[in-house]
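K.L.:
Attaching a predicted model along with its sequence, questions to come.
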Amino acid sequence: MDPLRIVVAKPGLDGHDRGAKVVARALRDAGHEVIYTGLRRTPEEIIRIVEDEDASILGLSSLSGAHGFLFPRVCELLKENGLDDVVVFGGGIIPQADRPALFDSGVRAIFGPGTPTEEFTLFLNEVKSRRMSNKPVGVGFSDGWHWS
Amino acid sequence: MVGIGAEFMAESELVSQASQGSRRALARLLTMIQQGDQESIDSVLSISPVQSIGITGPPGVGKSCLTDCLAKIFADRGERVGVLCIDPSSPISGGSLLGDRMRMEQSGVHDRIYIRSVATRTSHSSIPLRLKAMISALSIAGMDRVLIETVGVGQTEIGIVSMTDSVLLVDGPDRGDIVQAEKAGLLELADVVVVNKGDLPGSEQAAANIRSGLALGPASSVPVMVVSALNRTGIDELVEALVSIQSRPSVEIVKWRHRLSSAIMDELVSRSSFESAVKDLVEGRVSIEQAIQNIIQQ
């Protein structure tokens, strides 16, 4: 089977990428092709990378507190650029109170510190089975579903 | 899996949209080619590919950083540049961590540059299968030049020589004594050699060692330059050297030998009988000689 192509991105002014690298490594070990963007990318740069790499999954990591602006901005740009099928998940320090707004903007899962790496595989399996049964899961199709 | 529009598009439609400048169609076409979709491959191979430069060298010498620099300069000269960055796939999980974009800060969002990270997947070597078709796809999409950054290589991995029109070998300072530069292999086939990290001590000495290593052989006319991708010194001279590469008859035969042998290899390992032969071998049903016959006779 062909591997999934997954972009792991660090949006905004945030120099902490241990978490993003652990996630990238875990996804690699699960057999996927992970494109890591490096630090301090703008939402526009991230969209360009997702498009050029033909990625179907995008992981956003933020520990700076700017997730409330950056994650929805990335989701909005994906939709504007016709990348509605891309599945977005987030990670980092994301307070519970902030999560509903992020889910509303199109983020399908949020993984905090301490998440076992197996959970990514469970999430991706769920994404796959939703796709197979034509249930909406991409950022551009809002039906309220998110991983919990 | 990807692309609501692109997913259901026929190959010919993908090619036509890619040639009209659609980055998404190009991205999707490259995915299809890498997955071995024969119609996609056939739809691009008729075009004569644009000039391609392989950028190779040992791990950690600054290939990605230098590739970034070069792509930006070619694009600033008005060219459209396609960049393929190759990284290894795990032979066990099949996964890959493609990290070249971390070092590609200048060219990552340039409108005239298209960058694609490519994992080696099931290739028998450090060159991914169907790389040639990927270069053709970039050519159809209007690129004027293709840069291919290889995985970090050792002294004998000359696979890239068979895939690209010319080869830039990147080395760094402090990579060993003069005997390293006397050794045969990749060094003899490079069209241009650079010592990157010219801002660090020892780079001029390293270049002098390489020059004296090449001086007595057939590659004595190959330019050996000191550059710093970080400080952007020597880069303009490098670009001039790259655009004025002359083909060397002594290298042509080597290139064609490798092109042919890797094409044969790609053809054989892509056959379905290859995987069943591997299974037969694992289960002890055939000898390796029988397995080879089974693959060839498919």
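P.N.:
Okay, I see it. Numbers count the residues shown, from 1 in each chain, chains lettered A, B, ... in the order given.
K.L.:
Residue of chain A closest to chain B, please.
P.N.:
A:Gly38 (3.3 Å; Cβ to the nearest Cβ). For the C-beta atoms, the positions are set from N, CA and C on the backbone; glycine is no exception.
K.L.:
okay, now the residue nearest to that residue when sequence neighbours are not counted: neighbour count?
P.N.:
Closest residue to A:Gly38 apart from its sequence neighbours, by Cβ to Cβ, 6 or more residues apart in numbering or on different chains: B:Met102 at 3.3 Å. Using other Cβ atoms under 10 Å in any protein chain shown, the number of residues around B:Met102 comes to 17.
K.L.:
B:Met102 and A:Tyr36 touch, don't they?
P.N.:
Yes - here B:Met102 reaches A:Tyr36: they are 6.2 Å apart, a contact under Cβ atoms under 8 Å.
K.L.:
Packing partners of the helix or strand B:His258 falls within?
P.N.:
Assessed by DSSP states H and E, B:His258 sits inside helix B:249-270. Under the contact definition 3 or more Cβ pairs under 8 Å, 6 or more residues apart in numbering or on different chains; DSSP states H and E, helix B:249-270 sits against helix B:186-189.
K.L.:
if we can go back for a sec, give me every residue that touches the residue nearest to A:Gly38.
P.N.:
B:Met102 makes contact with A:36-39, B:64, according to Cβ atoms under 8 Å, 6 or more residues apart in numbering or on different chains.
K.L.:
10 Å instead?
P.N.:
Going by Cβ atoms under 10 Å, 6 or more residues apart in numbering or on different chains, B:Met102 touches A:10, A:17, A:35-39, B:64-65, B:108.
K.L.:
cool, B:Val269 as well?
P.N.:
B:122-124, B:129, B:275, B:278, B:295.
K.L.:
ok, back up a step: ok, the contacts of B:Met102 vs B:Gly21, which is closest?
P.N.:
Of all the contacts of B:Met102, B:Gly21 sits closest to B:Gly108, with 18.4 Å by Cβ to Cβ.
K.L.:
That closest one and chain A, how far apart?
P.N.:
Counting by Cβ to the nearest Cβ, to the nearest Å, the separation of B:Gly108 from chain A is 6 Å.
K.L.:
Show the pLDDT at that residue.
P.N.:
pLDDT for B:Gly108: 75.
K.L.:
one step back: buried only: go through the contacts of B:Val269 for me.
P.N.:
Buried subset of the contacts of B:Val269 (neighbour count, 16 or more other Cβ atoms under 10 Å in any protein chain shown): B:123, B:129, B:295.
K.L.:
Lowest-confidence member of those, which is it?
P.N.:
Within these, lowest confidence goes to B:Ser123 (79).
K.L.:
so how far is B:Ala133 from it?
P.N.:
Distance, B:Ser123 to B:Ala133, using Cβ to Cβ, to the nearest Å: 13 Å.
K.L.:
got a list of what A:Ile6 touches?
P.N.:
So A:Ile6 contacts A:23-24, A:27-28, A:30, A:32-36, A:50, A:53, A:55-59, A:87, A:89, A:120, A:124, B:95, B:98 (Cβ under 10 Å, 6+ apart).
K.L.:
so it bridges to which residues?
P.N.:
A:Val34, A:Ile57 (DSSP bridges).
K.L.:
any idea how far B:Gly198 lies from B:Gln38?
P.N.:
46 Å.
K.L.:
the more surrounded of those two?
P.N.:
Neighbour count, other Cβ under 10 Å: between B:Gly198 and B:Gln38, B:Gly198 has more, with 22 against 11.
K.L.:
Let me know the pLDDT of that one.
P.N.:
pLDDT at B:Gly198 comes out at 93.
K.L.:
got it, and A:Leu70?
P.N.:
Looking at A:Leu70, the pLDDT reads 93.
K.L.:
Check for me that it belongs to a helix.
P.N.:
Yes - membership of A:Leu70 in a helix is supported by DSSP: H, G, I helix; E, B strand; the rest coil.
K.L.:
That one contacts A:Glu45, doesn't it?
P.N.:
No - between A:Leu70 and A:Glu45 there is no contact under Cβ atoms under 10 Å: 11.9 Å.
K.L.:
For chain A, just list every one of the strands.
P.N.:
Taking DSSP state E to define them, one finds strands in chain A at A:5-9, A:33-36, A:57-62, A:87-92, A:107-111.
K.L.:
I'd like those strands laid out as a markdown table, including distance to B:Val170 and mean pLDDT.
P.N.:
Shown next, in a markdown table, are the strands of chain A (distance: least, Cβ to Cβ, whole Å; pLDDT from 0 to 100):
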| stretch | distance to B:Val170 | mean pLDDT |
| --- | --- | --- |
| strand A:5-9 | 26 | 95 |
| strand A:33-36 | 22 | 95 |
| strand A:57-62 | 31 | 95 |
| strand A:87-92 | 35 | 94 |
| strand A:107-111 | 38 | 94 |
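K.L.:
Much appreciated, bye for now.
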